[in-house]
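1. the amino acid sequence is not available; the structure is as follows:
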């Protein structure tokens, strides 16, 4: 059985308060998630002060700018360190997306995070992608609001970074260099080892008819990498379907309470929903099983009952030839395999048989 790696995405649903963040970790642990993920950013570094908000972010304060909203949702680096240690004690993986270079360096050098998660909005941020790749860490790349060309371009930059971890003097970077790196055999192997792609639809909540889960199979075939899915829908079937399509990593936003103020709460799973979602995913994993076709343990007792054998259709005396009129195939399967039916035809019987006797010649 292949186990799906489930990321409970806390995001900014802590509303800037560490006590809420710890509560979210507790919820993720109780639900059975493999990891809980936060975000680290400096609002002054990632957004202009007059930038507007997305429609889903408007919530109750429509006049608020994106900058002022994000400023309220920041966590201090010291608080992220505390949360990382809290996760260690709770035996759940700590993940965090960085949105600026300083935050990324902190995650790598201070928290010593093992896996970096790149948000969908950064997929065209080539310098930032390069920083991630040069860290040598494992990378989970979200691909919301992008197309195949943009995903390929992002992987090309990451390929170059994986191959060239250190900057060299007078380094001149070009798209051609990135693409040449991506097309190299060494980069292909490193990508397979280091990178997981997450398909997602970057809208909150995402419309069901725009989820397009078959993109998971498409990208898995095109890129040959581990594929997962980041869910922004309000439909529990979406994640279960993603597992069936081969998603090895799943990510889902969750919250303490959907009625809390903030941009992401309403489109997030509440504690009960998160718990039920993970429970159902674990059931789906068992149902999916392994890539093999063999007799299952529970089938063994039924095997001879449901299969058939070659038996006498009429009385057959010693020396009489078997033919289509004196033998037939019936249950149970305790006798000769019906695949030998044609081999028996024309052969002389070595003994006598009554009707329905198993042919044992």
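-> Right, received. Where do you want to start? The model shown is predicted, which means the values in this text are computed figures rather than measured ones.
2. flag the shaky bits of the stretch 51-200 of the chain, pLDDT-wise.
-> 53, 55-63 (pLDDT under 70).
3. repeat that with 90
-> 51-65, 68-69, 166-171 (pLDDT under 90).
4. my guess is residue 230 meets residue 200, correct?
-> Yes - with contact defined as Cβ atoms under 8 Å, residue 230 counts as touching residue 200 (3.7 Å). From N, CA and C alone the C-beta is placed, and that goes for glycine too.
5. neighbour count winner among these two?
-> residue 230 (27 against 23; other Cβ atoms under 10 Å).
6. report the beta-bridge partners for that one.
-> residue 251 (DSSP bridges).
7. re the thing from before, give me the common contacts of residue 230 and residue 200.
-> 120, 142, 144, 251 (Cβ atoms under 8 Å, 6 or more residues apart in numbering).
8. so which of the residues you listed wins on neighbours?
-> residue 251 (26 neighbours).
9. distance check, it against residue 332.
-> 50 Å (Cβ to Cβ, to the nearest Å).
10. ok, now residue 210?
-> Residue 210 is 53 Å from residue 332, by Cβ to Cβ.
11. more neighbours, the two?
-> When residue 210 and residue 332 are compared for neighbours, residue 332 comes out ahead with 14 against 9, by other Cβ under 10 Å.
12. grab the nearest non-local neighbour of the more buried one.
-> residue 304 (5.0 Å; Cβ to Cβ, 6 or more residues apart in numbering).
13. and the one you found, what does it touch?
-> 332, 333, 334.
14. what would these look like in a markdown table with distance to residue 193 and pLDDT?
-> Output for the contacts of residue 304, formatted as a markdown table (distance: Cβ to Cβ, whole Å; pLDDT from 0 to 100):
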| residue | distance to residue 193 | pLDDT |
| --- | --- | --- |
| 332 | 51 | 98 |
| 333 | 47 | 97 |
| 334 | 51 | 95 |
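15. now the strands for the stretch 1-150 of the chain?
-> Ranges of strands in the stretch 1-150 of the chain, per DSSP state E, counting those that start in this stretch, are 5-11, 35-40, 93-98, 115-118, 138-142.
16. which among those is found nearest to residue 184?
-> Closest approach to residue 184 among the strands of the stretch 1-150 of the chain (Cβ to Cβ): strand 138-142, 17.6 Å.
17. what's the pLDDT at the spatially most central residue of the chain?
-> When Cα atoms, centre = their mean is applied to the chain, the residue found nearest the centroid is residue 249 (2.3 Å). In this model, residue 249 is scored at 98, pLDDT.
18. do you know how far it is from residue 98?
-> Counting by Cβ to Cβ, the gap from residue 249 to residue 98 is 19 Å.
19. go on, residue 129?
-> 12 Å.
20. residues shared between the contacts of those two?
-> Counting by Cβ under 8 Å, 6+ apart, nothing touches both residue 129 and residue 98.
21. in CSV: the shared contacts of residue 230 and residue 200, plus distance to residue 17.
-> Shown next, in CSV, are the shared contacts of residue 230 and residue 200 (distance: Cβ to Cβ, whole Å):
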residue, distance to residue 17
120, 26
142, 25
144, 27
251, 22
